[in-house]
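Chemist: Give me a model of this one.
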Amino acid sequence: MSQQRSSSRSSLWPFVLIGIGLLVLAGAGALYFTTSQPDPTPTPARFLPAEETYPEIPRVKLVDAKTAHDDGTAVFVDVRDASSYANAHVKGALSLPLIELDKRKGELKPSDWIITYCT
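Modeler: Numbers count the residues shown, from 1 in each chain. Modelled structure (predicted):
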């Protein structure tokens, strides 16, 4: 009789270990999903304070920029680095990286409506 009890107890160990393993996996999964979800609250733009330091430069609404682009009444200047410009840019935009702007600003006519962008 004691041999039968010992045998039944030892046959339960694999199930106990599997149960513990499943609990550990469930806990790890719950931890992963609670920490890897994006924060639904919007965060302010990183460069917003820098933009506010130039109130004399008017911001152009997207609809106005689109109209100016379609009509050809503005010069679009992409101030990102050359590789970003090569990857994608507004059709017809000039590549004038911000780091080179002081040296190359003579390439622009002050009388033109110049719209710069960096995204």
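
Chemist: Now name the helix or strand holding Ile18.
Modeler: helix 2-35 (DSSP states H and E).

Chemist: show me where pLDDT drops low in the chain?
Modeler: 1-10, 35-54 (pLDDT under 70).

Chemist: domain ranges for this protein?
Modeler: Listed domain ranges for the chain are 1-37, 48-117 (source: automatic domain parsing).

Chemist: In contact with His89: list those residues for me.
Modeler: 78, 95 (CB atoms under 8 Å, 6 or more residues apart in numbering). C-beta: built from backbone N, CA, C; applies to glycine.

Chemist: what helix or strand does it sit in?
Modeler: Judged by DSSP H and E, His89 forms part of no helix or strand.

Chemist: Ramachandran angles for it?
Modeler: Main-chain dihedrals, His89, degrees, to the nearest 10: phi -160, psi 170.

Chemist: repeat for Phe76
Modeler: phi -90, psi 130.

Chemist: element containing Ile115, please.
Modeler: strand 114-117.

Chemist: Can you list the buried residues in that strand?
Modeler: Of the residues in strand 114-117, 115-116 count as buried by neighbour count, 16 or more other CB atoms under 10 Å.

Chemist: strands paired with that strand, and their directions?
Modeler: Strand 114-117 sits in its sheet next to strand 75-78 (parallel), going by DSSP bridges.

Chemist: Centre of the chain to the partner strand, how far?
Modeler: 23 Å (CA atoms, centre = their mean, to the nearest Å).

Chemist: Need the residues that contact it.
Modeler: 65, 69, 84-85, 89-90, 92-96, 108-109, 112-118.

Chemist: one step back: so which of the domains of the chain is the most packed in?
Modeler: Stretch with highest mean neighbour count among those: domain 48-117 (a mean of 12; mean count of other CB atoms under 10 Å).
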